[in-house]
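Colleague: Everything below, folded, please.
(2 chains)
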Amino acid sequence: MSEISGSSQKRYLKPSLFWNIRGDIPSWLGVCLSVVALAIPLAAWAVVSYAGWVSPMFLPTPTAVFSAGIGMFSGSDPLVRDIFASCARVLAGFVVAALVGVPVGILMGTFPTMDSLFAPIVGTVRYMPVMAFVPLIVIWVGLGEASKTTIIFLGIVLYNAIMVADAVKFIPKESIDVAYTLGADRLQVLRKVILPATFPNVLDTLRVNISGAWNFLVVAELVAAQNGLGFRIVQAQRFLQTEKVLFCIALIGLIGLIIDYSLKFISRILTPWADRSRS
Amino acid sequence: MTRAKLSNLPTNADTAAADGRGSSVVPRLDVRNLSKVFKSQGKSLVALKDIDLQVFPREFVTLVGPSGCGKSTLLSVIAGLEAPTSGEVRVDGEVVLGPGRDRGLIFQSYTLYPWLSVAENIAFGLNLRDIPKSEKKQRVGYYLEQIGLTKFANAYPSQLSGGMKQRVAIARALVNEPEILLMDEPFGALDAQTKEQMQLFILKLWEDTHTTILSITHDIEEAVFLGERTYVMGVNPGRIRSHLRVPFAKDGDLDIKLTPEFIEVKRQLLHELREGQN
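Modeller: Down below sits the predicted model:
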């Protein structure tokens, strides 16, 4: 019997700094881990390439990539022009996708009728790969800028709609009911409750989906483009200029990071009252 | 205690006399023979059966019931958010067909709009109509004063405590000057001390603004302390079991809760509630 009383010893949860679930960690630890996360792959890359374990065509050295990049900025066809061209395409596709996707999402989230109306299209087209549409898009809208905008638009518009519709469905029913008892009609509920309540989520959705726009950019620039970062990548690949490919990919990543932080900053200014969860 | 089904006529006369408008006074809120049946997958569930309930102008009426008796459903039918299966709800003699600003509603959960400041939340109902700016400002100012949050006019709801949020929600409803204020467990989410403060607050507000109030709760003490009259509901199906005139002055003295008379009334209601659960 004494064994039983012995086994009933209390067990406490041991504190842990590193494996702390959803708690706060000291800022130095956060910064350290972020630095390590970048440093390890960079160091591995440097070691493998400088030591000459693989051929430069397979994996060029960091200095080769960097100097190739510098070279691309000068010369008769500077990279800045491509950056502008790509940014303009992403912006065009993204804006059109927002102008269509966000209102459709709000309608779907607000009215079950609109949900039933749009759900079959949104649900099935979402599974169709945009790549597969490229030949059709070329036939339908030609080889110009319109086809590139269309590809980016098709790539993200449905995600805009679905994510915004979900955000609307998360508005507590009481928030809407209380507006009715304060004298609001349906249009006023839509304008004065649903729109402002979903606004932070709309900004969040757009921020998440602009990364999708950059993904489809490369697909778009496969189609008869004369400039752009995706075009440059494809060109460099043809001549096996791995260092240029790597530089352009890194550049797209950097642009994405800048956009992400700017949009986060903008939404913090526009909606200081909102709690933020999605990162 | 009187078993009541519209048997509160003496009460009506009392209230009417106190109101100085003779015994033919029209109830502010008149719920008649109201039933609500929910149908799902071929089965029907009677949530409310033959509810009769009146609230007279300037009255404070409470309604207690065990959980699951349909009291929240009753309130949302009265508010017009759900339609009754049979029977009707009248406000000042007119049948209610949907929600409107004549019946303000306070929920247990905090329903302030987080993107609006305290003052903007209170002005929400006024901003839905064409009201001169100066009048808006004056009305919002009056209610900010009433709820003691003038200093917090520009704060956002996330900066307020639970009790403060509920006071703002009450002000937001009252600024519309509703015929009746409906409250659904308004202080249910608050701690005991805040709850008592809020009970005193709502009594004072009721005195000062001559509002008519119907408040539902599962807290018997609150029902007796706040209500001039109390309805007791039973379950299966949700129905009014009885109805009682509370014989205490509503002068905001918390110590009254400790008197034998008060405890006796509580005891009666508690027994009534327990019987209603079988």
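Colleague: List the contacts of residue 156.
Modeller: No chain in the question, so chain A it is. With contact set as Cβ atoms under 8 Å, 6 or more residues apart in numbering or on different chains, A:Ile156 has these partners: A:93-94, A:97, A:101, A:209-210, A:212-213, A:216. C-beta coordinates here come from the backbone N, C-alpha and C atoms, glycine included.
Colleague: that's the wrong chain, I wanted chain B
Modeller: Going by Cβ under 8 Å, 6+ apart, B:Tyr156 touches A:272-273, B:114, B:116-118.
Colleague: Pop out the phi and psi values for it.
Modeller: Main-chain torsions, B:Tyr156, degrees, to the nearest 10: phi -90, psi 150.
Colleague: Just the buried subset of the contacts of B:Tyr156, please.
Modeller: Buried subset of these (neighbour count, 16 or more other Cβ atoms under 10 Å in any protein chain shown): B:114, B:116-118.
Colleague: And the strands in the chain?
Modeller: In the absence of a named chain, chain A is used. For chain A, applying DSSP state E gives no strands.
Colleague: Oops, wrong one, chain B.
Modeller: So, for chain B - with DSSP E - the strands run B:29-40, B:43-55, B:60-64, B:86-91, B:94-95, B:103-106, B:180-184, B:213-217, B:229-234, B:239-245.
Colleague: Which members of the contacts of A:Ile156 are positioned in helices?
Modeller: For the contacts of A:Ile156, membership in helices holds for A:93-94, A:97, A:101, A:209-210, A:212-213, A:216, with DSSP state H as the criterion.
Colleague: Pull out the buried members of those.
Modeller: A:93-94, A:97, A:101, A:209-210, A:212-213, A:216.
Colleague: Contacting chain B as well, which ones from these?
Modeller: Among these, proximity to chain B is found for none (Cβ under 8 Å from any Cβ of the partner chain).
Colleague: Same list (these) but as a markdown table, adding distance to A:Ile40 and pLDDT.
Modeller: Listed next are these as a markdown table, based on distance: Cβ to Cβ, whole Å; pLDDT from 0 to 100:
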| residue | distance to A:Ile40 | pLDDT |
| --- | --- | --- |
| A:Gly93 | 35 | 95 |
| A:Phe94 | 33 | 95 |
| A:Ala97 | 36 | 96 |
| A:Gly101 | 38 | 96 |
| A:Asn209 | 30 | 94 |
| A:Ile210 | 28 | 93 |
| A:Gly212 | 28 | 90 |
| A:Ala213 | 30 | 92 |
| A:Phe216 | 30 | 91 |
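Colleague: what's the closest of those to B:Pro66?
Modeller: Taking Cβ to Cβ as the measure, A:Gly101 is the one of those closest to B:Pro66, at 47.6 Å.
Colleague: Let me know whether that closest one touches A:Asn160 as I believe.
Modeller: Yes. Here A:Gly101 lies in contact with A:Asn160, judged by Cβ atoms under 8 Å, at a distance of 2.7 Å.
Colleague: Mutual contacts of those two, please.
Modeller: Both A:Gly101 and A:Asn160 lack any common contact, where contact means Cβ under 8 Å, 6+ apart.
Colleague: Give me the neighbour count for B:Gly148.
Modeller: By the other Cβ atoms under 10 Å in any protein chain shown criterion, the neighbourhood of B:Gly148 contains 11 residues.
Colleague: right, I mislabeled it, should have said B:Thr209
Modeller: 15.
Colleague: Over to the one 4 residues further on?
Modeller: B:Ile213 sits with 27 neighbouring residues when counted by other Cβ under 10 Å.
Colleague: any idea how far it is from B:Met183?
Modeller: Using Cβ to Cβ, to the nearest Å, we find B:Ile213 at a distance of 7 Å from B:Met183.
Colleague: same check, this time on A:Val54
Modeller: Applying Cβ to Cβ, the value for A:Val54 to B:Met183 is 74 Å.
Colleague: which of the two has more neighbours?
Modeller: B:Met183 (25 against 11).
Colleague: need the residues of chain B near chain A, please.
Modeller: Contact residues of chain B with respect to chain A, defined by Cβ under 8 Å from any Cβ, are listed as B:76, B:79-81, B:98-101, B:103-105, B:107, B:109, B:111, B:113-115, B:124-125, B:127-129, B:156-158, B:169, B:172-173, B:176, B:182.
Colleague: rerun that using 7 Å as the cut-off
Modeller: Contact residues of chain B with respect to chain A, defined by Cβ under 7 Å from any Cβ of the partner chain, are listed as B:79, B:81, B:99-101, B:103-105, B:107, B:109, B:111, B:113-115, B:124-125, B:128-129, B:156, B:158, B:172, B:176.
Colleague: Quick check on those: which are buried?
Modeller: B:79, B:81, B:99-101, B:103-105, B:107, B:109, B:111, B:113-115, B:124-125, B:128, B:156, B:172, B:176.
Colleague: follow-up on the earlier one: now for the ones in helices among the contacts of A:Ile156: which two are most distant?
Modeller: Using Cβ to Cβ, the two most remote members of these are A:Gly101 and A:Phe216, lying 14.0 Å apart.
Colleague: Which one of the residues in the stretch 151-279 of chain A is closest to chain B?
Modeller: A:Gly183 (3.3 Å; Cβ to the nearest Cβ).
Colleague: How about the residues of the stretch 151-279 of chain A by chain B?
Modeller: Applying the criterion Cβ under 7 Å from any Cβ, the portion of the stretch 151-279 of chain A that neighbours chain B consists of A:174-175, A:177-178, A:180-184, A:188, A:196, A:273.
Colleague: Could you pick out the buried ones from the residues you listed?
Modeller: Neighbour-count burial (16+ other Cβ under 10 Å) applied to these gives A:174-175, A:177-178, A:180-184, A:188.
Colleague: picking up where we left off before, columns mean pLDDT on top of the strands of chain B, output as JSON lines?
Modeller: Supplementary listing: these in JSON lines, determined by pLDDT from 0 to 100:
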{"stretch": "strand B:29-40", "mean pLDDT": "93"}
{"stretch": "strand B:43-55", "mean pLDDT": "92"}
{"stretch": "strand B:60-64", "mean pLDDT": "95"}
{"stretch": "strand B:86-91", "mean pLDDT": "94"}
{"stretch": "strand B:94-95", "mean pLDDT": "93"}
{"stretch": "strand B:103-106", "mean pLDDT": "94"}
{"stretch": "strand B:180-184", "mean pLDDT": "95"}
{"stretch": "strand B:213-217", "mean pLDDT": "95"}
{"stretch": "strand B:229-234", "mean pLDDT": "93"}
{"stretch": "strand B:239-245", "mean pLDDT": "90"}
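Colleague: can you redo these as a markdown table with distance to A:Lys148?
Modeller: Compiled in a markdown table, the strands of chain B are given as follows (distance: least, Cβ to Cβ, whole Å):
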| stretch | distance to A:Lys148 |
| --- | --- |
| strand B:29-40 | 51 |
| strand B:43-55 | 56 |
| strand B:60-64 | 64 |
| strand B:86-91 | 60 |
| strand B:94-95 | 60 |
| strand B:103-106 | 52 |
| strand B:180-184 | 55 |
| strand B:213-217 | 60 |
| strand B:229-234 | 65 |
| strand B:239-245 | 67 |
